[in-house]
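Chemist: Sequence plus predicted model, see below.
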Amino acid sequence: MSKTATAIVAMLLSDSSRQEVPVSSRIAKSWLVFISIENIEHDRCVDLFERSDGTCGFEEFRRDAEDWGTWTPVSFFSIRILPTRKSSLEAAIVSVPWLVDVVERYPSAVRLLQ
């Protein structure tokens, strides 16, 4: 992990203002995906989304040949209710181990963290 990635994780882990509320384990069609970040192998991705009520969240997906290349949710991160787009990206970086190493390749994500 790069020094920048380590610094980002350390900063985000110090934030204890997280709230969890059960909602759909998948991304509803009414939710707006504002950033989708794939790993280098293109077999994992994280979608960051905003719900119609203005709250935000994220979900991690995998894509395997045996699933015909369909993106399949791998966790239940989408149950988290986060207040802003930035906080959803910060929570995703802390929660999804590979994300911190690729987020710098996505200019919209970098701008969101500033």
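Modeler: Happy to help now that I have it.

Chemist: Tell me where the chain has strands.
Modeler: If DSSP state E is used as the criterion, the strands of the chain fall at 32-38, 44-50, 56-63, 71-73.

Chemist: Any buried residues in the last one, and which?
Modeler: Under the neighbour-count criterion of 16 or more other C-beta atoms under 10 Å, strand 71-73 has 71, 73 buried. Quick note: C-beta positions are derived from backbone N, CA and C, even for glycine.

Chemist: ok, now the longest one?
Modeler: Applying a neighbour-count criterion of 16+ other C-beta under 10 Å, the buried positions in strand 56-63 are 56, 57, 58, 59, 60, 61, 63.

Chemist: In this structure, mark out all the helices, start to finish.
Modeler: Assignment of helices within the chain using DSSP state H yields the ranges 3-13, 85-95, 107-113.

Chemist: Among those, which one carries the weakest average confidence?
Modeler: Among those, helix 3-13 carries the lowest mean pLDDT, a mean of 54.
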